[in-house]
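**Student:** using only what follows, build the 3D model:
(2 chains)
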Amino acid sequence: MEKVLLFLIRAVLQGTPLLYGATGEILTEKAGNLNLGIPGIMYVGAISGVIGGFFYQTSGSVNPFLAILIPLLSCLLGSLLTSLLYSFLTVTLRANQNVTGLALTTFGVGFGNFFGGSLIKLTNSSTPYLALTKISKAYQNFLPFGNQQLGGQHGFLIYLAVVLALIVSFVMKRTRVGLQLRSIGESPATADAAGINVTRYKYLSTCLGGMIAGLGGLYYIMDYSNGVWQNDGFGDRGWLAIAIVIFAVWRPHFAIVGSYLFGGLYIMYNYLNASMQVQPLLQMLPYVVTIIVLIFVSVRKKRENLPPAALGLSYFREDR
Amino acid sequence: MSETTPLALELKHVTKVFGNIVANDDVEMELRRGEVLAILGENGSGKTTLMNMISGIYHPDSGEIYIDGKHVTIASPKDAFSYGIGMVHQHFKLVDVFSATENIILGIHEDKFNLNKSAEKIAEIAARYGFEMDPNKKIYEMSVSEKQTVEILKVLYRGADILILDEPTAVLTPQETEKLFRVIRRMRDDGKSIMIITHKLHEVMAISDRVAVLRKGRHIATVDTASTTQNELTEMMVGERVSLNIDRAKIEETPDRLNVSGLSLVNFEGIRILDDISFTAKSGEILGIAGVAGSGQRELLEIIAGLQTPTSGSIEYHDPSNNKTVDLRSKTPLQIRDLGVRLSFVPEDRLGMGLVGNMDIIDNMMLRSYRKGKTVFVDRQPPKALAEKIIDSLKVVTPSAKTAVRKLSGGNVQKVLVGREIAAAPTVLMAAYPVRGLDINSSYMIYKLLNEQKENGVAVIFVGEDLDVLLELCDRILVICGGRVTGIVDGRTAKKEEIGLMMTKAKGGETHVE
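**Tutor:** Purely as a prediction, here's the structure:
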């Protein structure tokens, strides 16, 4: 029984960074921008938070409030700048979204590893990682989740992920801003004719989406990994987040369930006493589920479950 | 309706030039409060350009627009809305996955966001004017007519007093058209001013109070509908016969090539696009097809070319050399070619269906010959020679044969396409609007090529929009209206007015001629 409970808690812990990524990506895609740079932006968010935290922690005494605020702001700033770069390239210059996104992911991972490595050098330590324990404690003690017996104590970022997903869901469905945002993802020409500023909405949703996704990286380092930065530590979670977008058929509230499910599937192999040879197969599970969902959605072809009609296309008013 | 009725909208000396084409030349027009004004004119007469200037999509180069007697500048569709002008475009601008309500309130900022309240308000407006519609229905579940209703409600919801409807009946069935007209009359009685663009004369007579006729960008006259006739309007719309000098060779009695009989097509929305079309195309003649745009010309040619399957009817091809007849119905273009039928097709959409824009001239030549040869490798020499021959003989202006077709001007693109189709030595050559958008020299080059083909014994089918050209070029002219043949006339003796009437079904029996 305890093992099952532990697994469920671990699933939530694993699912939280995915939820941030998925919520951010849904917000972006609903305005018609397929941001494949999200995995990279999550890396940038993580390392930006680490940089902020590192300089605050090494500057002297640690105030719990500032220990949370400084890494949080530097994470948001890092993700914002990266998202702005993506928006400028795809919305203003109308570059191909897939190529730009993939390039950004490669860039983000490299950016994270470069500055991560530099910080590790600065500490003159012989270990290949950097630990921001005091900062991490501040994160984990604010609005705690779980306890030391079961999965360790974790902080407010777990709740924030759910709250953000619900807010995005509500805004999308129930407000004028959400309606206008969705109209851009479906038919930018229609939105434009209705007097909606397509460019502004696209920038706004991509940047907000990127900042939300960046928080996933921050959570992963500061909370989940106890403040330990290790190069390539975040792994392929960013791609999993993008898979969840499809799984959740572009609905953030479904993404909550999807993220925890995928989180569970991601660590399933640890709990099944599987042999080394079978483990990689089990690690495939989240992707297999995504493919099944894709098949299911394509066969049913319900219009509301299809991707936004103008997803991945740049909009140019005079292009008729 | 009288001279003293206040004016809702007034245009003075409005001129709009695109490049070196004058779309509107010094147009003067008045729209009164509470009237239906029909804007009548052939394709390319500048109707839509004029309406786009009123609704803020284009800006006039010179001239003034007055609304309720005040001089205004309409810089954007938003501006137009603020002056109470609403336009319903021919191509709907709607978000498919949204409900009618969501589409209607999109972009409006006034009241609180409450979909239920908005839906009630929409239902209220719909009831007032006699629309039938469910505000919560999704657009993708709607018929064309329902979508149009949403577009009109969108305009009314924003409080428009001046409504512009761009060919609203083009996509509607007669029953739906009648319903729309009832709604238009109610809106008029409610004090709204409505401009309706159309080229269907009987509809003009049925719905409008006055008619403004445009021809080649100029305003010819505005007349009271009650005091005019369809014949008079046709004359104003078509104008004087402009003489073209196209050499038209006399034809001898030649064998039949293509025998189309009883061809019908019902599309997936249940609309009858073609209705019992029958005709014969002979070797060595040019058969013109006249009709307002969208009367089924495209579908007819695509069925013959094997791109669409007709609902019923037959297409027979005669080979006079061995007196054999083959059925082309429901065959793919490849099967048709394998039967030994050399059919060439110059489609309306040159860069969409005819050529690949991003490929160069040589590669585009290969689209017709890539199956030749026995190995997996293609032989690039013959297409290269052909490309160079076409560039040379048709005077295609291009940096080289390796230039992407997309980069050529419209006329040169057309020369490449026609050149390729003619090089296949066809026995049947079909060309849809081959001179659309071409300058006068390129147009004549194309006419000359078609005439040469005719003299070589090819059965040429020419779909055109300019009646003057059709009369100068074609030996016989098939007139279709709403997917039905309304007449076949001799190109040498027919009168333009006569064809114009047939094109608008005036002789089809559904409406009567005064």
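
**Student:** SS state for residue B:436?
**Tutor:** coil (DSSP: H, G, I helix; E, B strand; the rest coil).

**Student:** near it, how many other residues are there?
**Tutor:** 16 (other C-beta atoms under 10 Å in any protein chain shown). C-beta coordinates here come from the backbone N, C-alpha and C atoms, glycine included.

**Student:** residues touching it, list them.
**Tutor:** The contact partners of residue B:436, taken as C-beta atoms under 8 Å, 6 or more residues apart in numbering or on different chains, are B:348, B:465.

**Student:** so, low pLDDT: which residues of the stretch 201-350 of chain B?
**Tutor:** For the stretch 201-350 of chain B, applying pLDDT under 70 flags the ranges B:239-246.

**Student:** quick one: the helices in it?
**Tutor:** Listed from the start of the chain, the stretch 201-350 of chain B has helices (DSSP state H, counting those that start in this stretch) covering B:201-207, B:230-238, B:297-304, B:333-338.

**Student:** the residue of the stretch 151-300 of chain A found nearest chain B: what's its closest spatial neighbour, skipping adjacent residues?
**Tutor:** Residue of the stretch 151-300 of chain A nearest chain B, by C-beta to the nearest C-beta: residue A:194 (3.0 Å). Leaving out its chain neighbours, the residue that sits closest to residue A:194 by C-beta to C-beta, 6 or more residues apart in numbering or on different chains is residue B:107, at 3.0 Å.

**Student:** what does residue B:123 give?
**Tutor:** Using C-beta to C-beta, 6+ apart and skipping the chain neighbours, the partner closest in space to residue B:123 is residue B:135 (5.7 Å).

**Student:** which bits of chain B sit near chain A?
**Tutor:** Contact residues (C-beta under 8 Å from any C-beta of the partner chain) of chain B with chain A: B:76-78, B:81, B:93-98, B:102-103, B:105-107, B:109, B:113, B:138, B:140.

**Student:** would you map the strands across the stretch 351-500 of chain B?
**Tutor:** B:428-432, B:459-463, B:476-481, B:484-490 (DSSP state E, counting those that start in this stretch).

**Student:** ignore what I typed, I meant the stretch 151-300 of chain A.
**Tutor:** Using DSSP E, counting those that start in this stretch, strands in the stretch 151-300 of chain A cover A:228-230.

**Student:** pLDDT below threshold where in it?
**Tutor:** A:151.

**Student:** which parts of it sit against chain B?
**Tutor:** Residues of the stretch 151-300 of chain A lying near chain B (C-beta under 8 Å from any C-beta): A:174-176, A:179-180, A:182-183, A:186-187, A:189-191, A:193-196.

**Student:** weed out the non-buried ones from those.
**Tutor:** Using 16 or more other C-beta atoms under 10 Å in any protein chain shown as the burial test, those include A:176, A:179-180, A:182-183, A:186-187, A:189-191, A:193-194, A:196 as buried.

**Student:** in the stretch 151-300 of chain B, what residue lies closest to chain A?
**Tutor:** residue B:154 (8.5 Å).

**Student:** residue contacts, that residue?
**Tutor:** Residues near residue B:154 by C-beta under 8 Å, 6+ apart: B:86, B:103-104.

**Student:** for PyMOL, write the select line for the buried members of those residues.
**Tutor:** A single PyMOL command selects the buried members of those (16+ other C-beta under 10 Å):
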select buried, chain B and resi 86+103+104
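
**Student:** out of the contacts of residue B:154, who's nearest residue B:193?
**Tutor:** Lowest distance from residue B:193 to the contacts of residue B:154 (C-beta to C-beta) belongs to residue B:86, with 11.0 Å.

**Student:** and that closest one, its phi and psi?
**Tutor:** Main-chain dihedrals, residue B:86, degrees, to the nearest 10: phi -130, psi 130.

**Student:** my read: it touches residue B:80, true?
**Tutor:** Yes - with contact defined as C-beta atoms under 8 Å, residue B:86 reaches residue B:80; the gap is 7.5 Å.

**Student:** now stretch B:104-123, how far from the centre of its chain.
**Tutor:** 35 Å (C-alpha atoms, centre = their mean, to the nearest Å).

**Student:** need the residues touching each of residue B:86 and residue B:80.
**Tutor:** By C-beta under 8 Å, 6+ apart, the residues touching both residue B:86 and residue B:80 are residue B:55.

**Student:** mean confidence for stretch B:408-428?
**Tutor:** Per-residue pLDDT values over stretch B:408-428 give a mean of 86.

**Student:** can you pull the buried residues of that stretch?
**Tutor:** For stretch B:408-428, using 16+ other C-beta under 10 Å, the buried residues are B:408, B:411-423, B:426-428.

**Student:** stretch A:310-320 now?
**Tutor:** A:310-312, A:314-315.

**Student:** could you do stretch B:446-456 as well?
**Tutor:** Applying 16+ other C-beta under 10 Å to stretch B:446-456 flags B:446-447, B:449-451, B:453-454 as buried.

**Student:** just give me the closest of those residues to chain A.
**Tutor:** Closest to chain A out of those is residue B:446 (25.5 Å), distances taken as C-beta to the nearest C-beta.

**Student:** so who does the closest one touch?
**Tutor:** B:414-415, B:418, B:431, B:434-435, B:438.

**Student:** what do you get if the cut-off is 10 Å, keeping everything else the same?
**Tutor:** Listed by C-beta atoms under 10 Å, 6 or more residues apart in numbering or on different chains, the contact set of residue B:446 reads B:346, B:394, B:411, B:414-415, B:418, B:431, B:434-435, B:438, B:462, B:473.

**Student:** ok, residue A:226 - how many residues close by?
**Tutor:** Neighbours around residue A:226, by other C-beta under 10 Å: 17.

**Student:** so what's residue B:53 closest to, chain neighbours aside?
**Tutor:** residue B:60 (5.1 Å).

**Student:** quick one: the helices in chain A?
**Tutor:** A:2-30, A:38-58, A:64-87, A:97-122, A:133-141, A:157-174, A:176-186, A:188-193, A:198-219, A:237-247, A:252-271, A:279-283, A:285-300 (DSSP state H).

**Student:** just name the most buried of those.
**Tutor:** Comparing the helices of chain A by mean neighbour count (mean count of other C-beta atoms under 10 Å in any protein chain shown), helix A:38-58 ranks first with a mean of 28.

**Student:** any idea how far residue B:426 is from residue B:339?
**Tutor:** In this view, residue B:339 and residue B:426 are 14 Å apart by C-beta to C-beta, to the nearest Å.

**Student:** oops, could you answer that again for residue B:75 instead?
**Tutor:** 51 Å.

**Student:** how about residue B:491?
**Tutor:** 21 Å.

**Student:** for the residue lying closest to residue A:50 once chain neighbours are set aside, the count of nearby residues, please.
**Tutor:** Closest residue in space to residue A:50, ignoring its immediate chain neighbours: residue A:229 at 4.9 Å, by C-beta to C-beta, 6+ apart. Using other C-beta under 10 Å, residue A:229 has 28 other residues around it.

**Student:** quick one, what contacts residue A:229?
**Tutor:** Taking C-beta under 10 Å, 6+ apart, we find residue A:229 in contact with A:46-47, A:49-51, A:53-54, A:112-113, A:115-117, A:119-120, A:129-132, A:220-222.

**Student:** who are the contact partners of residue B:479?
**Tutor:** Counting by C-beta under 10 Å, 6+ apart, residue B:479 has contacts B:288-291, B:295, B:467, B:470, B:485-489, B:494, B:498-505, B:507-508.

**Student:** repeat that for 7 Å
**Tutor:** B:290-291, B:486-487, B:489, B:499, B:502-503 (C-beta atoms under 7 Å, 6 or more residues apart in numbering or on different chains).

**Student:** farthest pair within these?
**Tutor:** B:291 and B:489 (12.7 Å).

**Student:** out of those two, which sits in the busier spot?
**Tutor:** residue B:291 (25 against 20).

**Student:** which one is that one nearest to, not counting chain neighbours?
**Tutor:** That would be residue B:480: by C-beta to C-beta, 6+ apart, it lies 4.2 Å from residue B:291.
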